[in-house]
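K.L.:
Structure of the sequence below:
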Amino acid sequence: MLDSDLAELYGVETKRINEQIKRNITRFPDDFMFQLSKQEFINLKSQFATSSWGGKRKIPYAFTEHGVAMLASVLKSETAIQVNIQIIRAFVAARQMLMYPSMERTVDLQRELKELRIFMDEVLTDQNDINEDTRMQLELINQTLAEMQVKNKANNNQRRKIGF
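P.N.:
Have a look, this model is predicted:
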């Protein structure tokens, strides 16, 4: 998301976001935030068809989801505070789900694992059956080829030699 979009979302001016970025630059590594290149900025301006007199004059910052979360922690608007609280609650809920999975979910996973094992056993059994059938067919082919070679040698011996 661009800095101007986040400013609107958090209820602050874009320049306040840029101020907080400069004051807290160590909180925004490259995988949290980056500034658009000049060419990207020109392309962006052309998409919005802004005049030379209006629109953005400074190259905007773009934020990843991590940057959005970090920005919520450094801004002082009421909206940013509420967003930060929701982010923290989501992380706590996710950790609790991982640490203390529900018994119902555990039973479901065990049942699914058992079904998967049964299915894999059936597939492997079928595969072994196919291999046995294929092995028998190969033996028949080899036997037929051996018989053909014997007949071919017998036919070669019966031919009259040509030449000296």
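
K.L.:
Show me how the chain divides into domains.
P.N.:
Structural domains assigned to the chain are 3-99, 102-159, following automatic domain parsing.

K.L.:
Regarding the longest one, how distant is the last residue from the first?
P.N.:
Meaning domain 3-99. Across domain 3-99, the straight-line distance between its terminal residues is 36 Å, by Cα to Cα, to the nearest Å.

K.L.:
Would you mind confirming that Leu2 is in contact with Lys58?
P.N.:
No - here Leu2 does not reach Lys58: they are 11.4 Å apart, not a contact under Cβ atoms under 8 Å. C-betas here are computed from N, CA, C, even on glycine.

K.L.:
if we can go back for a sec, okay, the domains of the chain in TSV with mean pLDDT and mean neighbour count next?
P.N.:
TSV is the format used below for the domains of the chain (pLDDT from 0 to 100; neighbours: other Cβ atoms under 10 Å):
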stretch	mean pLDDT	mean neighbour count
domain 3-99	83	14
domain 102-159	77	10
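
K.L.:
quick one, strands of the chain?
P.N.:
Taking DSSP state E as the criterion, the chain contains strands spanning 33-35, 61-63.

K.L.:
which one of these lies closest to Ala72?
P.N.:
With distances scored as Cβ to Cβ, the stretch of these nearest to Ala72 is strand 61-63 (10.3 Å).

K.L.:
quick one, what contacts the residue nearest to Ile21 when sequence neighbours are not counted?
P.N.:
Residue nearest to Ile21 in three dimensions, not counting chain neighbours: Phe28, with 6.0 Å by Cβ to Cβ, 6 or more residues apart in numbering. Contacts for Phe28 (Cβ atoms under 8 Å, 6 or more residues apart in numbering) come out as Ile21, Gly67, Met70, Leu71.

K.L.:
same thing with Ile87?
P.N.:
Applying Cβ under 8 Å, 6+ apart, one finds that Ile87 lies in contact with Ala69, Ala72.

K.L.:
I am finished for the moment; much appreciated.
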